[in-house]
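Colleague: just a sequence and a predicted model for now, questions to come.
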Amino acid sequence: MSDKFLHHRPGRLTEDRFDLVPSGDGGAIDDFHSFGWLRGLRERATMLELRKKSGDVLAIGYQWIERVEFNPTDGITLHIHGDKICIKGRNLNAEIRPEVRLFQGIARHRVAWVQEADRSGSLNGGERATIVEEIVW
């Protein structure tokens, strides 16, 4: 597996949008603070990395995800061999920029990682930002 999977492009959140700053290695992932988006139109992640603010990390092979549900109240639910992983937060299906939505990206294997926001990140995210408040597995 390529080590580029774990690299992402650092980004800065401004009032309404993200300014993407290229990384030194020309990384192929855009960093939207709550999730990493593979830039290439044909790029697909083999695993989804879930990062908790505690430092715990779980990586799941996309091939093991049976279905993905979005409910505005409950968030995003990943169904994996009878188990559920819940991603809770706000604006989880909001368009961050044209054709970039967290739920849509997971469904299309374009999201490399999802991470919980720390308290300051959730407060400073703005009205339209996608904020992952909790990942439960």
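Modeller: Looks like it arrived, so ask away.
Colleague: now do the helices in this structure.
Modeller: For the chain, helices defined by DSSP state H occupy the ranges 102-107, 119-124.
Colleague: and these, which one averages the lowest pLDDT?
Modeller: For the helices of the chain, mean pLDDT drops lowest on helix 119-124, to a mean of 60.
Colleague: other residues contacting stretch 72-83?
Modeller: 48, 60, 64-71, 84-89, 92-93, 102-103, 106, 137 (Cβ atoms under 8 Å, 6 or more residues apart in numbering). C-beta: built from backbone N, CA, C; applies to glycine.
Colleague: same thing but at 6 Å, please
Modeller: 64-70, 84-88, 92, 103 (Cβ atoms under 6 Å, 6 or more residues apart in numbering).
Colleague: go on, stretch 97-107?
Modeller: Contacts of stretch 97-107 (Cβ under 6 Å, 6+ apart): 35, 37, 68, 70, 76, 92-93, 95, 111, 130.
Colleague: done for today, thanks.
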